[in-house]
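K.L.:
Coordinates for the following, if possible.
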Amino acid sequence: MTDIGADRIVAAFASLGAAVTHVAVAPSHFGDWPLSGVFFFATAIVQAGWALAVMRGGGWRTMVAGLLVNAGAFLLWAVSRTSGLPVGPHAGMPEQVDRVDLTTVAFEVAVCVLALWCLWSRHSRGFRSSFSAAVVIGTAGAGVAGLAVPAVELAGSHSHGHEMTDESAPHSHGPDEEHPATPHGGEGGTTHTPPPTGATIAPEQPSQPAPSHTHAPGAAPHDD
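P.N.:
Model prediction:
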């Protein structure tokens, strides 16, 4: 491991992180479209295998393979979130972007950038000691785990954004369901609000008839 170099180690751990998140969301995709679930499992296997090959000192062909696989996965994700995939049960319907997607894409972009760097530099600079190699390995592993673990925990609620919400979908009430009260009782009657508990209700006072006429000041009253 001391001869591999920090760039390859970080790329390998990033590929492992992408593989883990792909495995986490594969069951939900498999239930939605089996071919999509198979694709996610296959992509995860390739990314994990590539990471192991890099740690074992893979050459430039290994770097090219990792670049092509992760760049292809990123482009396919971009199409599915913008215009929608051209095939499948939800063809032409863009999917929503969530934290799981962004974490996976971040890993894949890191792999592409580091693979290009390794191809451009043509050689990998090793570590001066085993201790420095262990520090880099531990830091890369902790960083990838810190991003991957929350994404895996959210993978159970991973949605594709094709379903309608319950509030926006039209619905009807059955004969036994309660209807919301209307201001006029629903059928022309009026609704009555019960008094609060412990409140005293004053008896209704009979209305007094209005006088038919008035008397001028100083005039004696008389019977009509």
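K.L.:
export stretch 56-66 as PDB, just CAs?
P.N.:
Taking Å, rounded to 0.1, in the frame of the first residue of the first chain, the C-alpha atoms of stretch 56-66 are listed here in PDB:
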ATOM      1  CA  ARG A  56      -3.500  -4.000  -5.700                       C
ATOM      2  CA  GLY A  57      -1.600  -1.700  -8.000                       C
ATOM      3  CA  GLY A  58      -3.600  -1.700 -11.200                       C
ATOM      4  CA  GLY A  59      -2.100   0.100 -14.200                       C
ATOM      5  CA  TRP A  60      -3.400   2.600 -16.700                       C
ATOM      6  CA  ARG A  61      -6.000   0.200 -18.100                       C
ATOM      7  CA  THR A  62      -7.500   0.000 -14.700                       C
ATOM      8  CA  MET A  63      -7.700   3.800 -14.500                       C
ATOM      9  CA  VAL A  64      -9.300   4.000 -17.900                       C
ATOM     10  CA  ALA A  65     -11.900   1.400 -16.900                       C
ATOM     11  CA  GLY A  66     -12.800   3.300 -13.700                       C
END
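K.L.:
what does that stretch contact?
P.N.:
Stretch 56-66 is contacted by residues 3, 4, 11, 15, 50, 53, 54, 111, 115, 118, 119, 122 when judged by Cβ atoms under 8 Å, 6 or more residues apart in numbering. Just so you know, the C-beta spots here come from the backbone N, C-alpha and C atoms, and that holds for glycine as well.
K.L.:
ok, the third one touching residue 112?
P.N.:
If I follow you right, that is residue 11. No. Judged on Cβ atoms under 8 Å, residue 11 makes no contact with residue 112 at a distance of 9.1 Å.
K.L.:
So between those two, which is more surrounded?
P.N.:
Set side by side, residue 11 and residue 112 show more neighbours around residue 11, with 30 against 20, by other Cβ atoms under 10 Å.
K.L.:
Name the nearest residue to the more buried one, ignoring sequence neighbours.
P.N.:
residue 114 (3.8 Å; Cβ to Cβ, 6 or more residues apart in numbering).
K.L.:
out of the contacts of stretch 56-66, which are buried?
P.N.:
4, 11, 15, 50, 53, 54, 111, 115, 118 (16 or more other Cβ atoms under 10 Å).
K.L.:
Check which helices and strands the helix or strand hosting the fifth one sits against.
P.N.:
Same thing as residue 53. Assigning secondary structure by DSSP states H and E places residue 53 in helix 34-55. Judged by 3 or more Cβ pairs under 8 Å, 6 or more residues apart in numbering; DSSP states H and E, helix 34-55 is in contact with helix 6-32, helix 60-82.
K.L.:
Many thanks, we can stop here.
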